[in-house]
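Asks: Let's see this in three dimensions:
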Amino acid sequence: MWHDAVIAESDTTIEVEGNLYFPPDAVHKEYLRESSTHSVCPWKGRASYYDVVVAGEVNKDAAWYYPEPKDMAKKIKGYVAFWKGVRIGE
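Replies: Sure, this is the predicted structure:
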């Protein structure tokens, strides 16, 4: 949740390095906006980011995913994780 909006909801998340990754179909994409930000993890690969947008408020790069993860992380391909104040488990 962020700003009282449910951004994603699932009982089938995958935990990796303390982060919960939500299946793509569990994410309410109307709250996500593609970001130009990318980062690289040595074993997961190149991450892409989303801004979380609720009622005109923008939480820059508050969600990320791996569109083409390395083999060791293939189980989270396309799954979305959150940080920067997005509350998990409410």
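
Asks: measure the closest residue in space to residue 24 that isn't next to it in sequence to residue 40 for me?
Replies: In space, and not counting its chain neighbours, residue 24 is closest to residue 78: 4.6 Å by CB to CB, 6 or more residues apart in numbering. From N, CA and C alone the C-beta is placed, and that goes for glycine too. Applying CB to CB, to the nearest Å, the value for residue 78 to residue 40 is 17 Å.

Asks: ok, the two, which is more surrounded?
Replies: A count of neighbours by other CB atoms under 10 Å puts residue 78 above the other of residue 78 and residue 40, at 14 against 8.

Asks: which ones are touching the more buried one?
Replies: Applying CB atoms under 8 Å, 6 or more residues apart in numbering, we find residue 78 in contact with 24, 65-67.

Asks: how about it, phi and psi?
Replies: Dihedral pair for residue 78: phi 80, psi -10, per degrees, to the nearest 10.

Asks: Need the per-residue pLDDT for it.
Replies: In this model, residue 78 is scored at 97, pLDDT.

Asks: Perfect, that will be all.
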